[in-house]
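> no letters, just coordinates:
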């Protein structure tokens with residue numbers, strides 16, 4: 001991977017932090033939508049030219065389900081349907097365009113230090129992004145309007161509190177951004193051996209992200225971030241860290257409730273509501289898209305349920321689905337649903353297999369665990385939400401998967417007797433010992 005390619009990926013990830021704000025200010029121009037995509041496509045082409053047939057190691061385990069999933073989506077793009085081509089292209093883009101980020105991430109990581117360096121860059125950028133979200137909470141939606149931000153819907157919670165979109169186009173996207181970066185901060189804090197300056201950066205960034213998460217009104221990111229952080233700490237048997245970090249986070253919540261008001265506290269309290277049990281019964285178990293799938297087993301066309309496709313269709317043409325499985329099933333029928341189920345199962349299986357080695361991987365274990373858990377949680381949410389139907393969640397999902405695979409391969413290579421990790425190591429494959437041959441007796 002060339003230095004240009006590495007900088008391009010970093011720049012694309014930094015642009016994601018403010019993409020929604022750019023879209024808000026420049027709407028109805030489409031320039032804000034395509035900047036990130038243009039940078040990533042350029043990075044893909046550069047990687048294609050510089051990779052020179054090198055293997056992508058353990059990611060090869062996902063080759064078959066990825067190929068089938070991509071083939072089905074592409075065939076539906078080429079088949080004429082009732083929706084305009086641009087609407088179908090949007091559906092195709094949301095499914096496939098960000099998958100190569102996984103391969104970029106794999107090549108980006110030469111050593112564990114590369115992952116740490118990128119994490120620190122993203123966490124430094126998260127400080128102003130979090131501060132802007134907190135500022136918007138107090139200033140109100142009028143600030144966005146005064147900046148020309150008329151694209152984002154002004155979403156209010158059931159308690160009447162404005163759900164802040166921050167530098168994104170919706171509170172949900174903002175919440176996914178904060179979840180991913182919050183887990184990066186937790187992973188680095190658990191890695192140990194930190195200077196005071198870095199410890200201050202990590203806790204300061206994490207504290208601001210917790211407050212911004214409260215301001216966003218997104219409850220799922222709070223639950224997911226806490227669950228992933230707790231599972232990481234328990235898996236690594238750092239129970240003392242769990243107690244100390246819980247006390248600090250509790251203090252952050254207390255500050256948040258005191259400064260952001262009772263509406264935010266009520267929103268967090270509603271996490272324990274039985275409403276979520278009813279919702280899970282309708283989504284995880286009820287699967288409201290099944291009647292539509294039975295009505296059109298081969299699907300009704302790419303883009304028909306993709307949220308972003310509404311920009312290229314008449315109002316009301318896009319069917320809103322309650323889950324990513326529903327989106328794929330309604331658009332591409334049983335073929336698409338079968339392929340995404342296969343891909344989801346394959347991702348969970350390889351992450352679980354990689355975990356056996358990464359539990360004892362030393363300083364890289366905490367950061368590997370938070371990245372792996374983020375990817376696994378995104379898969380587990382596919383039946384209940386359209387989490388991979390828009391950035392940044394889909395970009396972060398493939399980024400996490402690529403980095404976890406690379407760290408796993410580096411660890412296997414190290415255990416196989418590698419001396420230096422400065423260059424791309426060969427992919428280690430298990431070689432069975434020679435058969436036992438007894439010595440002849442004299």
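Now that the structure is in, tell me what you want to look at. Keep in mind the model is a prediction, meaning the values are calculated, not measured.

> state the distance from residue 59 to residue 104.
Distance from residue 59 to residue 104, counting by CB to CB, to the nearest Å: 12 Å. In short, each C-beta sits where N, CA and C put it, glycine included.

> intersection of neighbour lists for those two?
residue 402 (CB atoms under 8 Å, 6 or more residues apart in numbering).

> what's the weakest-modelled helix or strand in this structure?
helix 275-280 (a mean of 57; mean pLDDT, DSSP states H and E).

> run through the neighbouring helices and strands of the helix or strand just after that one.
Once helix 275-280 ends, the next helix or strand along the chain (criterion: DSSP states H and E) is helix 290-295. When contacts are defined as 3 or more CB pairs under 8 Å, 6 or more residues apart in numbering; DSSP states H and E, helix 290-295 packs onto helix 324-358.

> how far does the following helix or strand past the helix it packs on sit from the chain's center?
For helix 324-358, the succeeding helix or strand toward the C-terminus, using DSSP H and E, is helix 365-380. On the basis of CA atoms, centre = their mean, to the nearest Å, helix 365-380 sits 9 Å off its chain's mean C-alpha point.

> and the helix or strand just after helix 365-380, what does it pack against?
Tracing the chain past helix 365-380, the next element assigned as helix or strand by DSSP H and E is helix 393-415. Where contact means 3+ CB pairs under 8 Å, 6+ apart, helix 393-415 is packed against helix 3-16, helix 101-108, helix 112-139, helix 171-191, helix 324-358, helix 365-380.

> what's the most buried one of these?
Sort the helices and strands packed on helix 393-415 by mean neighbour count, taking mean count of other CB atoms under 10 Å, and helix 171-191 sits at the top with a mean of 26.

> elements contacting that helix?
Secondary elements touching helix 171-191 (3+ CB pairs under 8 Å, 6+ apart): helix 112-139, helix 196-216, helix 219-235, helix 239-260, helix 365-380, helix 393-415.

> next, the angle from the fourth one to helix 112-139.
Okay, so that is helix 239-260. 20 degrees (axes from the mean of the first three to the mean of the last three CA atoms, to 10 degrees).

> what sits up against helix 239-260?
Outside helix 239-260, the residues that touch it by CB under 8 Å, 6+ apart are 137, 186, 189-190, 203, 207, 210-211, 214-215, 226, 229-230, 233-234, 264-265, 268.

> quick check: mean pLDDT across it?
Across helix 239-260, pLDDT averages out at 79.

> and the shortest one, by the same measure?
Mean per-residue pLDDT for helix 365-380: 93.

> what angle separates that helix from helix 101-108?
170 degrees.

> so which elements touch helix 365-380?
Partner elements for helix 365-380 (3+ CB pairs under 8 Å, 6+ apart): helix 112-139, helix 171-191, helix 219-235, helix 324-358, helix 393-415.

> closest to residue 78 out of those?
Taking CB to CB, helix 324-358 is the member of those nearest to residue 78, at 12.3 Å.

> helices or strands up against the closest one?
Under the contact definition 3+ CB pairs under 8 Å, 6+ apart, helix 324-358 sits against helix 63-78, helix 290-295, helix 365-380, helix 393-415.

> repeat that with 10 Å
Applying 3 or more CB pairs under 10 Å, 6 or more residues apart in numbering; DSSP states H and E, we find helix 324-358 packed against helix 63-78, helix 85-92, helix 290-295, helix 365-380, helix 393-415.

> would you mind giving those helices as TSV with distance to residue 27 added?
Formatted as TSV, the entries for these read as follows, by distance: least, CB to CB, whole Å:
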stretch	distance to residue 27
helix 63-78	26
helix 85-92	16
helix 290-295	31
helix 365-380	27
helix 393-415	21
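
> select, out of these, the one closest to residue 126.
Among the helices and strands packed on helix 324-358, helix 393-415 sits nearest to residue 126 (CB to CB), with 12.6 Å.

> buried stuff in that closest one?
393-414 (16 or more other CB atoms under 10 Å).

> and if you look at stretch 25-40?
25-27, 32-33, 35-36, 39-40.

> now do it, average pLDDT.
Per-region confidence: stretch 25-40 scores 84 on mean pLDDT.

> return the distance of it from the chain's centre.
That offset, for stretch 25-40, works out to 20 Å (CA atoms, centre = their mean).

> related to what we said a few turns ago, which of the helices and strands packed on helix 365-380 has the lowest mean pLDDT?
helix 219-235 has the lowest average pLDDT among these, namely a mean of 84.

> packing partners for that one?
Against helix 219-235 (3+ CB pairs under 10 Å, 6+ apart) you get helix 171-191, helix 196-216, helix 239-260, helix 262-269, helix 275-280, helix 365-380.

> including distance to residue 389, could these go into JSON lines?
Rendered in JSON lines, the data for the helices and strands packed on helix 219-235 read as follows (distance: least, CB to CB, whole Å):
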{"stretch": "helix 171-191", "distance to residue 389": "11"}
{"stretch": "helix 196-216", "distance to residue 389": "18"}
{"stretch": "helix 239-260", "distance to residue 389": "29"}
{"stretch": "helix 262-269", "distance to residue 389": "24"}
{"stretch": "helix 275-280", "distance to residue 389": "18"}
{"stretch": "helix 365-380", "distance to residue 389": "11"}
